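Participant: Show me how the following folds:
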Amino acid sequence: MKVQAVVVEILPYRNCRVKLENEALVVVHPAGAATRNFERVRPGDKVEVELSPHDPGRGRMTRLLEG
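Facilitator: Down below sits the predicted model:
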């Protein structure tokens, strides 16, 4: 399930804590082109997140959204 989120905190090992639209906090890691093409993510950036079906508290960041 893909949702939009806002980066709240940068964690070690390229992980981030993001806030979803429903105010839930989730820990995500970069995936796909975000790992191959270095994209700097800062607190306040909007990202697209794919949530894990097994653990709703984890997910992966699929892309950086503009604006």
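
Participant: Strands of this structure, start to end?
Facilitator: For the chain, the strands defined by DSSP state E cover 2-10, 16-20, 25-30, 46-51, 58-64.

Participant: quick one, what contacts Gln4?
Facilitator: Contact analysis of Gln4 by C-beta atoms under 8 Å, 6 or more residues apart in numbering lists 20-21, 46-49, 65. No exception for glycine: its C-beta is placed from N, CA and C like everyone else's.

Participant: Is it bridged to anything, and to what?
Facilitator: Beta bridges link Gln4 to Glu48, judged by DSSP bridges.

Participant: picking that back up, quick check: which of the strands of the chain is nearest to Glu39?
Facilitator: strand 58-64 (5.3 Å; C-beta to C-beta).

Participant: mind listing what's buried in stretch 19-29?
Facilitator: Neighbour-count burial for stretch 19-29, counted by 16 or more other C-beta atoms under 10 Å, picks out 20, 26, 28.

Participant: The closest residue to the first one other than its chain neighbours: neighbour count?
Facilitator: Yep, that's Leu20 we're talking about. Among residues not flanking Leu20 along the chain, Ala5 sits closest, at 5.0 Å (C-beta to C-beta, 6 or more residues apart in numbering). Using other C-beta atoms under 10 Å, the number of residues around Ala5 comes to 25.

Participant: before we move on, the earlier item: out of the strands of the chain, which is closest to Arg40?
Facilitator: strand 58-64 (8.9 Å).

Participant: Show me what counts as buried in the closest one.
Facilitator: Across strand 58-64, burial judged by 16+ other C-beta under 10 Å covers 59-64.

Participant: What is the nearest of the buried residues of stretch 19-29 to Tyr13?
Facilitator: Val28 (11.8 Å).

Participant: Tell me the predicted confidence for the closest residue to Arg60 other than its chain neighbours.
Facilitator: Excluding its sequence neighbours, the residue lying closest to Arg60 (C-beta to C-beta, 6+ apart) is Ala31, at 3.9 Å. Per-residue pLDDT puts Ala31 at 87.
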